[in-house]
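Enquirer: Build me a model:
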Amino acid sequence: MINFTNAVFNFGPPLLLITILALTIYYLRKPKYNLNEPPLVPYKYPLIGHTYEIRDDCEGFLRRCREKYGDMYNIYQYGKVYTIAGKDSAPELMKHKDADFPGAVDMMFPIMQLLGSTGSSTREITKHLTIEITSLLPKLNEKLQPQIKISVEKYIGLSEEPKTIYFLLNKSQEILAFVAASVFLGEELSKDEELLLSFANFSKDVRQIFQTPRILAFIHPWLHRQLLFWKIKLGKNPVEKHQADLTKKLVPIVEKRIKEMREQGDKYNPPLDVIQMLLDGGLVGEKENINYNHMAIHIYILAFSSIFTTSLKLTNAIIDYAAETDYQKELLEEQDKIAKEFGTDGFPALDQIEKMVKLDSFLKESIRYNEHFLGLQKANISSSPITLSNGYQLPSKRTVFIDLLSVTQSEELQGSNPTKFNPVRYLNKGGTTTRVDRAYLSFGLGRNACPGRFFAMLQIKSFLSIIIRNFKISFVDGTKPKKLNFEGNRIPSNDGVIFEKR
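Expert: Modelled structure (predicted):
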């Protein structure tokens, strides 16, 4: 039997020392207001702060804080002060030159270190590739449409028997990975089933590493980051296998292309994919000395930044379509009318997709209605405070989260009944799913607006067009499933969705 007195004697002093150290760090880090910062929302428990209030009732917590402290205020979560910006201050902050999204993400999770990237140069190359993809959308659309149709047949099927899909978000990731592979990997590698599965699972594997409980962050966020570093360094990094497999398969493909480019010269017809973009731009070294590891990194970063967020919006839209039974006929009639222009065996061109105004309004409403409560974080990456027009100052390295709920549920910005789903809210109002403004922040604003939104919306609209024309969709239990909420993020339920061929 364990002697309790001896246990206390042996373990008591170390525990007391750890407690004293934790409290010392807390009081040293307790926010000191030398600047004109937004008000700090009071909290009951040192170290813990507002962490569990945000986890358990983020929506209610934000409403209460907004009512009492206004549009901008500070909170204390996981050992650190964060600023929350509402609908009035968000536009100015999101356009500020020193408010940086990648910097904010990196302060919370060392994603770039996990991927083995080259820091700011990797971000610039990723942005360059995204802009180039956008500029080639008319040509890429011709390549994407057959792949989207094949993906529906492959992952959902067109049999007469209804098909029930659980974990629809995972299925959406597989579908979009299949479609995106033709653009990212090219014709040769996009047929590789191992790489397709790798593309679909990549973002999930990355998220699993960063889902490590943030207990040490209560003492200091640095400790949690070190835990992640050592977990990646000493443990099994799943990203390394993804990267190694792609690197190995890239070598013969790239070597073959380089050989053909030299032999054919100006007559060479370059493939329309990211591999060729990286080669032509000299973004992974000269053709005599290609850095295949960097090539694989850039491709997977594109996959990570696009597939999960796009699949989230696609999944939400499918669920909303199944729930909006009164509007399904309107959407189907629009699709059937436009489909007559390109025929049974054809595919819609970009101008025909642009005619899908009812689908565009529906999709934009789905994006608004399902937006996270908190998101679009920005960090002050300068060494000086950011001073806003409301007089508040944000110190260097301060991370700011946008209170998206204050935007999406504002009558001033969204019109009447913003808490209700209205599929015609944006119909013929002049604002499409890709046009950003202060009432629609899902893709950012100003210079920080996501350049990949055009490619993402093209994929989602094209997929929904096929789904609407070919399937009746309903829920296993007959009712729309509730969302899973976690620390301000809203994720689709894993409940079953039934696809029945028309």
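
Enquirer: in the stretch 251-400 of the chain, which ranges drop under the pLDDT threshold?
Expert: For the stretch 251-400 of the chain, applying pLDDT under 70 flags the ranges 285, 344.

Enquirer: quick one: the most centrally placed residue in the chain and Y69, what's the gap?
Expert: Note on the chain: the residue nearest the mean C-alpha position is T309, at 3.5 Å, using CA atoms, centre = their mean. T309 sits 30 Å away from Y69, taking CB to CB, to the nearest Å as the criterion. Placement of C-beta: from N, CA and C, glycine included.

Enquirer: do the same with G446
Expert: Here the criterion is CB to CB. By it, G446 lies 26 Å from Y69.

Enquirer: Who has more neighbours out of these two?
Expert: Between G446 and Y69, counted using other CB atoms under 10 Å, Y69 has the larger neighbour count: 17 against 14.

Enquirer: okay but that one is in contact with E37, surely?
Expert: No. When contacts are counted by CB atoms under 8 Å, Y69 is not listed as touching E37 (12.0 Å).

Enquirer: Quick check: buried residues in stretch 82-100?
Expert: Neighbour counts using 16 or more other CB atoms under 10 Å place 82-94, 96, 98-100 of stretch 82-100 among the buried residues.

Enquirer: which element follows the lengthiest helix in the chain toward the C-terminus?
Expert: For the chain, the helix reaching the highest residue count under DSSP state H is reported as helix 292-323. Sequence order places helix 328-342 as the next helix or strand after helix 292-323, per DSSP states H and E.

Enquirer: Can you give me the buried ones in that next one?
Expert: Within helix 328-342, the residues that qualify as buried by neighbour count (16+ other CB under 10 Å) are 328, 330-331, 334-335, 338-339.

Enquirer: next one: stretch 489-502
Expert: For stretch 489-502, burial by neighbour count (16+ other CB under 10 Å) applies to 490, 492-493, 495, 497, 499.

Enquirer: pLDDT averaged over it - what is it?
Expert: Averaging pLDDT along stretch 489-502 yields 92.

Enquirer: As a markdown table, the buried residues of stretch 489-502 with secondary structure would be great.
Expert: As requested, these are exported to a markdown table (DSSP: H, G, I helix; E, B strand; the rest coil):
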| residue | secondary structure |
| --- | --- |
| R490 | strand |
| P492 | coil |
| S493 | coil |
| D495 | coil |
| V497 | strand |
| F499 | strand |
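
Enquirer: any idea which of the residues you listed is the one closest to Y268?
Expert: Taking CB to CB as the measure, Y268 lies nearest F499 of those, at 43.1 Å.

Enquirer: Can you check the pLDDT for the residue nearest to I75 when sequence neighbours are not counted?
Expert: Counting by CB to CB, 6 or more residues apart in numbering, H50 is the residue found nearest to I75 once chain neighbours are left out, at 4.7 Å. H50 is assigned a predicted lDDT (pLDDT) of 94.

Enquirer: shouldn't H50 be in contact with F61?
Expert: Yes. With contacts counted by CB under 8 Å, H50 reaches F61, the gap being 7.0 Å.

Enquirer: Report how many residues lie close to K139.
Expert: A count of neighbours around K139, defined by other CB under 10 Å, yields 11.

Enquirer: got a list of what it touches?
Expert: With contacts defined as CB atoms under 8 Å, 6 or more residues apart in numbering, K139 is in contact with L272.

Enquirer: That one and A181, how far apart?
Expert: With the distance defined as CB to CB, K139 ends up 17 Å from A181.

Enquirer: May I have the secondary structure class of P252?
Expert: Counting by three-state DSSP, the backbone at P252 sits in helix.

Enquirer: ok, it - contacts?
Expert: Applying CB under 8 Å, 6+ apart as the definition, P252 turns out to have no contact partners.

Enquirer: Take the buried residues of stretch 82-100 and keep only those in strands.
Expert: Among those, the members falling in strands are 82-85, 99-100 (criterion: DSSP state E).

Enquirer: Just flag the most distant two among these.
Expert: Using CB to CB, these span at most 17.6 Å, a distance reached by I84 and D100.

Enquirer: Isn't T408 up against Q414?
Expert: Yes. Because the distance of 6.8 Å satisfies CB under 8 Å, T408 is recorded as touching Q414.

Enquirer: element containing the residue lying closest to the residue nearest to the centre of the chain once chain neighbours are set aside?
Expert: Counting by CB to CB, 6+ apart, A456 is the residue found nearest to T309 once chain neighbours are left out, at 7.3 Å. When elements are assigned from DSSP H and E, A456 belongs to helix 453-470.

Enquirer: Could you give the number of residues near F229?
Expert: Summarising burial for F229: neighbours were counted as other CB under 10 Å, giving 13.

Enquirer: Give me the three-state assignment for it.
Expert: Secondary structure of F229, per three-state DSSP, is helix.

Enquirer: what separates it from Y369, distance-wise?
Expert: Taken as CB to CB, the span from F229 to Y369 is 38 Å.

Enquirer: same thing with H242?
Expert: Per CB to CB, H242 is found 33 Å from Y369.

Enquirer: Kindly report the same for S159.
Expert: Separation of S159 from Y369 (CB to CB) stands at 32 Å.

Enquirer: Which one's more surrounded, these two?
Expert: A direct count of neighbours by other CB under 10 Å for S159 and Y369 places Y369 higher, at 20 against 9.

Enquirer: can you map out the helices along the stretch 351-500 of the chain?
Expert: For the stretch 351-500 of the chain, the helices identified by DSSP state H, counting those that start in this stretch occupy 357-369, 404-408, 411-414, 453-470, in order along the chain.

Enquirer: Could you point out which of these sits nearest I290?
Expert: When those are ranked by distance to I290, counting by CB to CB, first place goes to helix 453-470 at 25.3 Å.

Enquirer: buried sites along the closest one?
Expert: By neighbour count on 16+ other CB under 10 Å, the buried set for helix 453-470 is 453-468, 470.

Enquirer: With stretch 465-484 instead?
Expert: Under the neighbour-count criterion of 16+ other CB under 10 Å, stretch 465-484 has 465-468, 470-471, 473-475, 481 buried.

Enquirer: any idea how far it is from the chain center?
Expert: On the basis of CA atoms, centre = their mean, to the nearest Å, the separation between the geometric centre of stretch 465-484 and that of its chain is 22 Å.

Enquirer: now stretch 89-98
Expert: In terms of CA atoms, centre = their mean, the centre of stretch 89-98 is found 20 Å from the chain centre.

Enquirer: Quick check: end-to-end length of it?
Expert: Between the opening and closing residues of stretch 89-98 there is a gap of 15 Å (CA to CA, to the nearest Å).

Enquirer: which stretches of the protein form strands?
Expert: Using DSSP E, the strands assigned to the chain run over residues 72-77, 80-85, 99-100, 163-165, 374-380, 386-387, 393-394, 399-403, 471-475, 484-486, 489-491, 497-501.
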